[in-house]
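[1] here is my input; please provide its structure:
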Amino acid sequence: MIKRIICILMVALMFSAFVLSVFAQEADASVATELADDLREEVISPLEEVITPIEGVLDAADDANAEEGLNFFIRLGIVLAIVIVQILLIRWTFHLATIGKKKTRGYGARKFKPLKFKSLVLLEVPQMIGAACFLIDVIKIILAILQLIITIPLIFKFFEPTRYLADTLFGYILTPLKSFGLGFLAYIPNLFAIAIILIISRYLLRALKYVIMQIEKGKLVIHGFYPEWARPTFNIARFLIIAFTVAIIYPHLPNSDSEIFKGISVLVGVLFSLGSSSIIGNLISGFVMTYMRPFSVGDRIKLNDVTGFVLERGAMVTRIRTHKNEIVSVPNQMVMNNAITNYSSAPDMGLAGLIVHAEVTMGYDVHWQKVHEVLLTAAAKNELLEKTPPPFINQLKLDDFYCWYEINAYTKNINVLPAVYTELYKQIQNGFAAEGISMYAPHFRIQQQVDTI
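    Take a look at the predicted model:
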């Protein structure tokens, strides 16, 4: 369909050029005839020797018109040949595009693979083949348009009445190209400056990344600088280097001092300041938490009413997996504004382990030494608890009718902490049951009854 439209357009342009030329010639011929009649009416001379030369001049003019007509048909034939050649070239271009799309489909089905970013599939094979075929169609249309752009002014150039149109069309094409070429030549020094700045920034980032990788792998040790700080520090430094590079390159960009660039800069700044307050807060909180080291990935923490293991500590959010495999995403700003309980940090800080505890109330009719014995035995039978340091008992409070006891024991099995508590409670119940001691704490209530008459 597009090919037919282009061919019809070229034939119509040739026909229009032909009509303009014929009308122009007819107009010139009528003007010449009117002038000759005026001369014959106004210049009347009885002298034969004057009339004869005038008739000779008119005959020469007729011969010149005949020669002009012959040249016109020659030019018309050349234009017709150019149109035919261009139509054949356009058909050949469209035919090559069809062959190219056919080859692309066959080659893509055999060789193309899905485009992935980690586990995310960006483009499937049919989508990649479709994009390649669309690109071929775009190139085909561009080539056809370029042929028309070159052919139309060339056709108009062959005829005197349409020659000014050819000059105008060539001006439309050549003036932007000339302006672009001169602008590019004038921009070459700035282009070299931008290239040098980019090269320096690239190698600076590569050197910084190498140092950071050595710190992260433990091959380079800096006192007071933890390996987990390496990656966030590199991200901060990379952002600053890129921002500094953009600030240096900006004045070297073409039309950087124009009002359009200034307006875009102001618009971006306003949008960033209005819509990114929470984003900036979360980013800053993420970086602060990195250097505060309240927890690491894999630690078991408690945040408000959420208890679980840290899956990810990102720039914006912290993701926690609970013991029921629920994934909870908490904004970093909220993490910073709440207390965090880290159950996994005790062994890392050189402590014997995390202390688990269970509270038991027992009446005063049971001797405290017996209660201590049962609780310590229950802790000793729990294989998930550490034997050293040994468990210990705290008596928390002497209430009106019973006493509060607390068994404390060390454990390093942080990942199965609910199972540790479950086993401890089971052993405590078994211990009191084996001793025949009821775990019901005595409660008394005084009820006053008033008789009314």
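[2] list the contacts for Thr361?
    By CB atoms under 8 Å, 6 or more residues apart in numbering, Thr361 lies in contact with 399, 402-405, 441. Quick note: C-beta positions are derived from backbone N, CA and C, even for glycine.
[3] how would you label it: helix, strand or coil?
    Look at Thr361: counting by DSSP: H, G, I helix; E, B strand; the rest coil, its state is strand.
[4] from the contacts of Thr361, list the buried ones, please.
    With neighbours counted using 16 or more other CB atoms under 10 Å, those contain these buried positions: 402-403, 405.
[5] any chance of those residues in TSV, with distance to Ser179, secondary structure and pLDDT too?
    What follows is these, written out as TSV (distance: CB to CB, whole Å; DSSP: H, G, I helix; E, B strand; the rest coil; pLDDT from 0 to 100):
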residue	distance to Ser179	secondary structure	pLDDT
Tyr402	96	strand	89
Cys403	96	strand	92
Tyr405	92	strand	95
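[6] distance to Met316 added to the contacts of Thr361, as TSV?
    Output for the contacts of Thr361, formatted as TSV (distance: CB to CB, whole Å):
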residue	distance to Met316
Asp399	49
Tyr402	50
Cys403	50
Trp404	45
Tyr405	46
Ala441	49
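[7] looking at those residues, which is nearest Ala193?
    Nearest to Ala193 out of those is Trp404 (CB to CB; 77.3 Å).
[8] run through the neighbouring helices and strands of the strand or helix carrying that closest one.
    Here Trp404, judged by DSSP states H and E, is contained in strand 402-411. Here strand 402-411 touches strand 354-363, helix 368-381, strand 392-398, helix 417-434, going by 3 or more CB pairs under 8 Å, 6 or more residues apart in numbering; DSSP states H and E.
[9] one step back: with the buried ones among the contacts of Thr361 in mind, which one is nearest to Ile74?
    Sorting those by distance to Ile74 puts Tyr405 at the head of the list, at 120.2 Å, by CB to CB.
[10] the residue lying closest to the closest one once chain neighbours are set aside: neighbour count?
    For Tyr405, ignoring the flanking residues on the chain, the nearest one in space by CB to CB, 6 or more residues apart in numbering is Val360 at 4.8 Å. The local packing count at Val360 equals 21, with neighbours defined by other CB atoms under 10 Å.
[11] looking at it, Val360 is touching Leu375, isn't it?
    Yes. Shown here, Val360 and Leu375 form a contact pair, counting by CB atoms under 8 Å, at 6.8 Å.
[12] which stretches of the protein form helices?
    In the chain, the helices defined using DSSP state H lie at 2-42, 48-111, 125-157, 163-217, 230-249, 259-275, 277-292, 332-336, 345-348, 368-381, 417-434.
[13] in terms of mean pLDDT, which of the ones you listed ranks lowest?
    Comparing mean pLDDT over the helices of the chain, the weakest stretch is helix 2-42, at a mean of 49.
[14] gap between the residue nearest to Tyr405 and Asn430?
    13 Å (CB to CB, to the nearest Å).
[15] how about Ser344?
    From Ser344 across to Asn430, the span is 30 Å (CB to CB).
[16] for Val317, same thing?
    Distance of Val317 to Asn430, computed by CB to CB: 44 Å.
[17] those two: which has the busier surroundings?
    Per other CB under 10 Å, whichever of Val317 and Asn430 has more neighbours is Val317, with 18 against 14.
[18] show the contacting residues for that one.
    Contact analysis of Val317 by CB under 8 Å, 6+ apart lists 282, 329-332.
[19] go on, Ser201?
    Ser201 sits next to 241-242, 245 when contact means CB under 8 Å, 6+ apart.
[20] can you tell me which of those lies closest to Gln147?
    Using CB to CB, Thr245 comes nearest to Gln147 of the contacts of Ser201, at 42.5 Å.
[21] leaving out chain neighbours, which residue sits closest to the closest one?
    Distances taken as CB to CB, 6+ apart place Ser201 nearest to Thr245, at 4.4 Å, with adjacent residues excluded.
[22] would you convert the helices and strands packed on strand 402-411 into CSV that also reports distance to Lys101?
    Listed next are the helices and strands packed on strand 402-411 as CSV, based on distance: least, CB to CB, whole Å:
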stretch, distance to Lys101
strand 354-363, 66
helix 368-381, 77
strand 392-398, 81
helix 417-434, 62
